[in-house]
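Novice: Please work out how this folds:
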Amino acid sequence: MSEVGGDDIERLASRMAMLVSEDGEADNAGRAVGQLARRLGLSGGDLKAIVLAGAGKTYRPGTSPALLKLEREVDALRRELRAAQEAAHSMRRDRDTLMEENGGLRVAMYRHRVGLRLRRLVLGLGVLGVAAVAAGVVLLTPEGAPAPGPQLRPASRGEAAVPVTRMAMVRGAGATLYRDPDATSPVLGRLAAGSRLRVQRTPWRGMMQWAEVEVDGRLGYVVTTEVEIF
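Specialist: The predicted structure follows:
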């Protein structure tokens, strides 16, 4: 076969494609194919070789080599897509696992901080409790409390000789004179407002400060809030 150009092959292919037309057109196409093939110097074997070279060993009707190649590329892309989807699914599982672990770590850290704060709070309350107990002991401990027994006694000459450095005046509401520096002890009487008293000492008893005063030559006690000491 002499060298045949691309245009000649394209015209031959066009005429061969018309072989599947209606009867009359198919007959005309057959005669045209024969005439063109003879003009180009092609034999029946050449036509067969051309068809086999174009179609390959197998051929599916309605397809072309370019379409087959495209389908193979589509199949390859689909496989790659499935692989990418599986990889993404695996990554999502890993992400969920990491999020669960992160949440567990955060909960553990929060509980640790809460426990630490609670221990500090308990320790602080313990220190405050110890300080409060110590302060209560100091306040409740009698300082210079009088000896047990009746406190109503005549003032002796020795006591009268003790220098008196303070005086007290009963406030406007009056004052109650007790036998002992204790609100539950017997009441010796009521002192009128404006009464002036000599203060011997001011002991503490029951978290209250008392003033030991001399009234009519006898000693008694009044709460310091009821008198003005100066």
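Novice: Only C-alpha atoms from now on, for both contacts and neighbour counts.
Specialist: Fine.
Novice: Strands of this structure, residue ranges please.
Specialist: With strands called from DSSP state E, the chain shows them at 166-170, 175-178, 187-191, 196-201, 204-205, 208-215, 218-223, 227-229.
Novice: give me every residue that touches Arg198.
Specialist: Under the criterion of Cα atoms under 8 Å, 6 or more residues apart in numbering, the neighbours of Arg198 are 164, 166-168, 213-214.
Novice: Using a markdown table, lay out these together with pLDDT, neighbour count and distance to Leu77.
Specialist: Written out in a markdown table, the entries for the contacts of Arg198 read as follows (pLDDT from 0 to 100; neighbours: other Cα atoms under 10 Å; distance: Cα to Cα, whole Å):
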| residue | pLDDT | neighbour count | distance to Leu77 |
| --- | --- | --- | --- |
| Val164 | 50 | 12 | 114 |
| Arg166 | 87 | 12 | 110 |
| Met167 | 91 | 15 | 111 |
| Ala168 | 92 | 19 | 109 |
| Val213 | 93 | 22 | 111 |
| Glu214 | 88 | 18 | 115 |
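Novice: can you put these in CSV and add distance to Leu191?
Specialist: Formatted as CSV, the contacts of Arg198 follow (distance: Cα to Cα, whole Å):
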residue, distance to Leu191
Val164, 20
Arg166, 18
Met167, 15
Ala168, 12
Val213, 11
Glu214, 12
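Novice: out of the residues you listed, which one sits closest to Thr224?
Specialist: For Thr224, the closest of the contacts of Arg198 turns out to be Ala168, at 9.1 Å, with distances computed as Cα to Cα.
Novice: related to what we said a few turns ago, nearest to Leu118, out of the strands of the chain?
Specialist: Nearest of the strands of the chain to Leu118, taken as Cα to Cα: strand 208-215 at 37.0 Å.
Novice: Output the longest helix belonging to this protein.
Specialist: Looking only at the chain and at elements set by DSSP state H, the helix with the highest residue count is helix 65-140.
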